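A.B. asks: Build the 3D model from these lines:
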Amino acid sequence: MSTIFDKNLLPEFEAVKDDDENFIWIGKPELKPFLASMLIAGVVGIGFVIAIVMFNIHALKEDENSNSFFVYFILAFVFVPAIFKYFAAILSYKNTIYGFSNKRIMMRSGFIGTDFKMIDYDKIVDIEVKVNPIDRFFNTGTIKFFSGREKIDDEGSSTKLHDKWSNIGNVYEVFKQVKKVMVDIKTDYNYPNAKRPPTNPGYNTKYKPE
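C.D. replies: Model (predicted):
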């Protein structure tokens, strides 16, 4: 199997890497589509805020007793955290790195600190590729991993929660690689090698990509 591997990013996962773990691919979002996605989200958010403010100004002209303080309080309560999250996402770009090894997939992120998230292959239910208009323009895409997590709303409806590798280049090549490794590892878990001795120390075997 050919690999697309940025060795300069390898030390970024050293803190959580197992001694017998071998990385197959490490990369990060492409800068231009990453910033473009953030920019569009920001423009939509600002447009929504302006629409609410203009509506409130119009309401005040029609009714001077209109409770503008309440409207602006709700506006601040909703959008101040959203604005912080927006700028934190932009500033966290340098620390956003993805990768997969012979054991699991990994995600590194964080604005002030550093957060790691790892998902073993046997926990992954499904993976898919999404290419939105921005990704199509920049020849990138997003790989989404579903590991069974769901969000239940007040009405009992469930929404799947995905972990994502966003705006990565060569997305279909990376997708095929991680898909193959996932299938091979799961097969090895479920159907151990017949040549293993009766004690079956399967946990000591290592996956070697072709």
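
A.B. asks: What mean pLDDT does the helix or strand harbouring T159 get?
C.D. replies: Following DSSP states H and E, one finds T159 within strand 158-169. Regarding strand 158-169, the rounded mean pLDDT is 88.

A.B. asks: Now do the strands for this structure: every range, in order, please.
C.D. replies: For the chain, the strands defined by DSSP state E occupy 23-27, 97-101, 104-109, 115-120, 126-130, 140-152, 158-169.

A.B. asks: Please tabulate those in CSV and include mean neighbour count and distance to A36 as additional columns.
C.D. replies: Any C-beta I mention is one placed from the backbone N, CA and C, and that applies to glycine too. What follows is those, written out as CSV (neighbours: other C-beta atoms under 10 Å; distance: least, C-beta to C-beta, whole Å):
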stretch, mean neighbour count, distance to A36
strand 23-27, 20, 18
strand 97-101, 23, 19
strand 104-109, 21, 19
strand 115-120, 14, 24
strand 126-130, 14, 15
strand 140-152, 16, 10
strand 158-169, 17, 9
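
A.B. asks: any chance of those in TSV, with distance to F34 too?
C.D. replies: Shown next, in TSV, are the strands of the chain (distance: least, C-beta to C-beta, whole Å):
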stretch	distance to F34
strand 23-27	12
strand 97-101	12
strand 104-109	12
strand 115-120	17
strand 126-130	15
strand 140-152	9
strand 158-169	5
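
A.B. asks: Minimum distance to V16: which of those strands has it?
C.D. replies: strand 115-120 (5.0 Å; C-beta to C-beta).

A.B. asks: helices and strands of this protein: which one has the lowest mean pLDDT?
C.D. replies: helix 68-91 (a mean of 63; mean pLDDT, DSSP states H and E).

A.B. asks: just to revisit the earlier point, just checking: what are the partner strands of the strand holding T159?
C.D. replies: strand 140-152 (antiparallel) (DSSP bridges).

A.B. asks: what's the strand it pairs with in contact with?
C.D. replies: Strand 140-152 is contacted by residues 29-30, 33, 105, 119, 123-132, 135, 158-169, 171-172, 174-175, 178 when judged by C-beta atoms under 8 Å, 6 or more residues apart in numbering.

A.B. asks: Right, I'll call it a day here.
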